[in-house]
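K.L.:
Please find the sequence and the predicted model below.
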Amino acid sequence: MQLSVVGSGYVGTTIAACFADLGHNVVNIDIDQEIVDTINDGEAPIHEDGLAEMIAKHAGPESTGRLRATTDYEEVLNTELTFLCLPTPANDDGSIDLSIMKAGAEQLGETLVEKNERHNVVVKSTVVPGTTEDTIAPLVAETGGKRLGDDLGVGMNPEFLREGSAVADFLDPDKVVLGADDDRTREQMGNVFAPLVERADDPPVVETATREAEMMKYANNAFLASKVSLANDLGNICKEHGVDMYEVADAMGLDERIARSFLNSGLGWGGSCFPKDTAAIIAAAESKRYDAPMLNAATEVNDRQPQRFLDLLDKHVDAEGKRIAVLGLAFKPGTDDIRNTRAVPVIDGLIHRGADVIAHDPVAVENMRDRYPDIEYASSVSEALEDANACLVVTDWDQYKVLDEEFDRMETPIVLDGRHCINRREGITYEGLTW
Ligand SMILES: NC(=O)c1ccc[n+]([C@@H]2O[C@H](COP(=O)([O-])OP(=O)(O)OC[C@H]3O[C@@H](n4cnc5c(N)ncnc54)[C@H](O)[C@@H]3O)[C@@H](O)[C@H]2O)c1
Ligand SMILES: O=c1ccn([C@@H]2O[C@H](COP(=O)(O)OP(=O)(O)O[C@H]3O[C@H](CO)[C@@H](O)[C@H](O)[C@H]3O)[C@@H](O)[C@H]2O)c(=O)[nH]1
């Protein structure tokens, strides 16, 4: 099929490359010329396992040519279905900011004026219940002069991929949710996903309406974020009582009803999704006069974890004027994304204490440099640890899990682990956040 994907960010680029790999012809539209040029050169604009290879295979020189990028919306006219993968950030009060989605939908509608055949638009972005039906569909229909359900189909297909494993998650999903308010649109969405469903060995396909599809995404993220927060709540209790939460979590996870995943306690959740999506669904609840006590508590626990980590540092060392190494800047391993990373409140706390911060991350340094131009960045862990008075582990990169004699370079070998990833060894003073 001929597909267009609007937005070449973490989701848009990944799904555009993957749909090309599944045999579709895909044009990826973004307003950022640099991103567009990168993709057309056959390179990945973001760090994501397997993405560079897939883009090289389908875009750029000596590729299948099934993937192209452009800044020109007119290109949607040669396609049958458009995915909207635009950002849905939070307003200051946590509610969803739909301005970028509306601008994209309007631009899409204005372009579709020139198209006579039916076109389908699928919202891939995470949006609060009712957005597709009440805002996006009427906007595209009105600006495009289309009759909804007739020459325009609008659907909602939430995305559950994780950063760091985006390609693998997209190609092998636990479920595919096809939300539409008419059968024809849902059927056409099914055609797009047919090669994926076949390759992934028949994952469950949930056919539903747009509002339910939208809510399924928030429910998923709210559950997972709350699960981590509950693990952190229990972990904080464990710490106060000299109990290792990781041993407890391992045992909890043996119960099939609980499962071990998302019970890793520590610094808590960051990233571009959990914080903004929990805030957005809480705000959506409040707009209907429901105060969502569970989700508010999950957020409160999460917000406290960096402070508990800094308190742990204060217990060991007065950071003023001291050299403190921060290992890990990305919000999780496998990505260069620093959106809502726990490294920010940790570094802020260190700066507030007058510490000399030296930070390391395998891939996220350049992204962090804009935010903190004045702290020191090390190109290796050894360099970061050289003469350090303490080391704070913020992201559980695999390369930190094998650190050993590197700690010998520290002035005072105090290692505080926010992610349960350092191997304890002789000669270091080690303490974990919840164990
Ligand atoms: N990042 C994830 O892991 C993830 C996973 C599932 C769902 N989501 C959801 O998917 C949506 C997109 O997230 P993302 O992380 O890919 O965002 P992103 O910020 O990485 O990328 C968005 C892209 O859209 C482009 N853009 C902005 N305005 C545009 C316009 N008018 N026309 C064309 N392009 C435009 C930007 O230049 C950018 O490249 C959000 O709703 C997010 O919540 C994200
Ligand atoms: O046991 C755990 C698991 C995760 N985290 C943290 O939680 C955050 C989110 O992690 P993860 O869910 O792996 O990454 P994301 O890429 O943010 O993916 C989430 O958000 C995406 C965007 O909505 C969804 O598509 C995914 O299904 C959902 O897992 C990160 O800061 C992790 O460090 C923990 O602290 N403990």
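P.N.:
Cool, the structure landed. Ligands and ions are numbered 1, 2, ... in the order given.
K.L.:
I figured Ala16 hits Ser8, correct?
P.N.:
Yes. Counting by CB atoms under 8 Å, a contact exists between Ala16 and Ser8, whose distance comes to 7.0 Å. The way it works is simple: take the backbone N, C-alpha and C, and place the C-beta from them, glycine included.
K.L.:
which of the two has more neighbours?
P.N.:
Shown here are Ala16 and Ser8; by other CB atoms under 10 Å, Ala16 has more neighbours (33 against 26).
K.L.:
Stretch 23-33 close to ligand 1?
P.N.:
Yes. Residues of stretch 23-33 are located near ligand 1 by CB under 6 Å from any ligand atom, namely Ile29, Asp30, Ile31, Asp32.
K.L.:
can you check stretch 265-282 too?
P.N.:
Yes. Counting by CB under 6 Å from any ligand atom, contacts between stretch 265-282 and ligand 1 involve Ser272, Cys273.
K.L.:
what's the straight distance from one end of that stretch to the other?
P.N.:
23 Å (CA to CA, to the nearest Å).
K.L.:
does it come close to ligand 2?
P.N.:
Yes. Using CB under 6 Å from any ligand atom as the criterion, contacts between stretch 265-282 and ligand 2 involve Gly266, Gly268, Trp269, Gly270, Gly271, Cys273, Phe274, Asp277.
K.L.:
buried residues in that stretch?
P.N.:
Residues of stretch 265-282 classed as buried under the neighbour-count rule (16 or more other CB atoms under 10 Å) are 265-282.
K.L.:
again with stretch 5-24
P.N.:
By neighbour count, with 16+ other CB under 10 Å as the criterion, the buried positions of stretch 5-24 are 5-22, 24.
K.L.:
CA atoms of it as PDB?
P.N.:
The C-alpha atoms that make up stretch 5-24 are tabulated as PDB, following Å, rounded to 0.1, in the frame of the first residue of the first chain:
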ATOM      1  CA  VAL A   5       3.500   9.100   8.000                       C
ATOM      2  CA  VAL A   6       3.400  12.700   9.400                       C
ATOM      3  CA  GLY A   7       6.100  13.300  12.000                       C
ATOM      4  CA  SER A   8       9.600  11.800  11.900                       C
ATOM      5  CA  GLY A   9      10.200  11.500  15.700                       C
ATOM      6  CA  TYR A  10      10.700   8.400  17.800                       C
ATOM      7  CA  VAL A  11       7.400   6.900  16.700                       C
ATOM      8  CA  GLY A  12       7.000   8.300  13.100                       C
ATOM      9  CA  THR A  13      10.500   7.300  11.900                       C
ATOM     10  CA  THR A  14      10.300   3.900  13.500                       C
ATOM     11  CA  ILE A  15       6.900   3.000  12.000                       C
ATOM     12  CA  ALA A  16       7.700   4.500   8.600                       C
ATOM     13  CA  ALA A  17      10.900   2.400   8.400                       C
ATOM     14  CA  CYS A  18       9.100  -0.700   9.700                       C
ATOM     15  CA  PHE A  19       6.100  -0.400   7.300                       C
ATOM     16  CA  ALA A  20       8.600   0.000   4.400                       C
ATOM     17  CA  ASP A  21      10.300  -3.200   5.700                       C
ATOM     18  CA  LEU A  22       6.800  -4.900   5.600                       C
ATOM     19  CA  GLY A  23       6.500  -4.100   1.900                       C
ATOM     20  CA  HIS A  24       4.500  -0.800   1.900                       C
END
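K.L.:
Downstream of the lengthiest helix in the chain, the next helix or strand is which one?
P.N.:
As assigned by DSSP state H, the longest helix anywhere in the chain is helix 210-240. Helices and strands here follow DSSP states H and E; after helix 210-240, the next one along the chain is helix 245-252.
K.L.:
Who are the packing partners of that next one?
P.N.:
In terms of contacts (3 or more CB pairs under 8 Å, 6 or more residues apart in numbering; DSSP states H and E), helix 245-252 is packed against helix 210-240.
K.L.:
what residues are up against the residue of the chain found nearest ligand 1?
P.N.:
Nearest residue of the chain to ligand 1, counting by CB to the nearest ligand atom: Gly9, 1.7 Å away. Taking CB atoms under 8 Å, 6 or more residues apart in numbering as the definition of contact, the neighbours of Gly9 are Asp30, Ile46, Cys85, Pro87.
K.L.:
re earlier: just the ones in helices from the buried residues of stretch 5-24, please.
P.N.:
Under the assignment DSSP H, the buried residues of stretch 5-24 contribute Tyr10, Val11, Gly12, Thr13, Thr14, Ile15, Ala16, Ala17, Cys18, Phe19, Ala20, Asp21 to helices.
K.L.:
now the fifth one: how far from Pro87?
P.N.:
Spatial separation of Thr14 from Pro87 under the definition CB to CB, to the nearest Å is 15 Å.
K.L.:
Which positions in the protein make contact with ligand 2?
P.N.:
Residues of the chain that fall close to ligand 2, judged by CB under 6 Å from any ligand atom: 126, 159-163, 221, 224, 228, 262-264, 266, 268-271, 273-274, 277, 331-332.
K.L.:
circling back to that earlier point, among the residues of stretch 265-282 next to ligand 2, which are located in helices?
P.N.:
By the criterion of DSSP H, membership of those in helices covers Phe274, Asp277.
K.L.:
Just send the residues of stretch 265-282 next to ligand 2 back as TSV, with pLDDT too.
P.N.:
What follows is those, written out as TSV (pLDDT from 0 to 100):
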residue	pLDDT
Gly266	98
Gly268	98
Trp269	98
Gly270	98
Gly271	97
Cys273	97
Phe274	98
Asp277	98
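K.L.:
In three-state terms, how would Gln107 be classified?
P.N.:
Reducing the assignment at Gln107 to three states with DSSP: H, G, I helix; E, B strand; the rest coil gives helix.
K.L.:
Report the separation between it and Phe83.
P.N.:
Shown here: Gln107 relative to Phe83, a distance of 15 Å by CB to CB.
K.L.:
now the residue in the stretch 301-435 of the chain that ligand 2 sits nearest to, nearest residue through space, not along the chain?
P.N.:
The nearest approach of the stretch 301-435 of the chain to ligand 2 comes at Lys332, 4.1 Å away (CB to the nearest ligand atom). In space, not counting the residues next to it along the chain, Lys332 is nearest to Gly164; the distance is 5.9 Å by CB to CB, 6 or more residues apart in numbering.
K.L.:
what number of residues lie near that neighbour?
P.N.:
Applying other CB under 10 Å, we find 19 other residues in the vicinity of Gly164.
K.L.:
That one: what's it in contact with?
P.N.:
When the contact criterion is CB under 8 Å, 6+ apart, the partners of Gly164 are Glu48, Asp49, Lys332, Pro333, Gly334, Thr335.
K.L.:
can you tell me which of those residues are in strands?
P.N.:
For the contacts of Gly164, membership in strands holds for none, with DSSP state E as the criterion.
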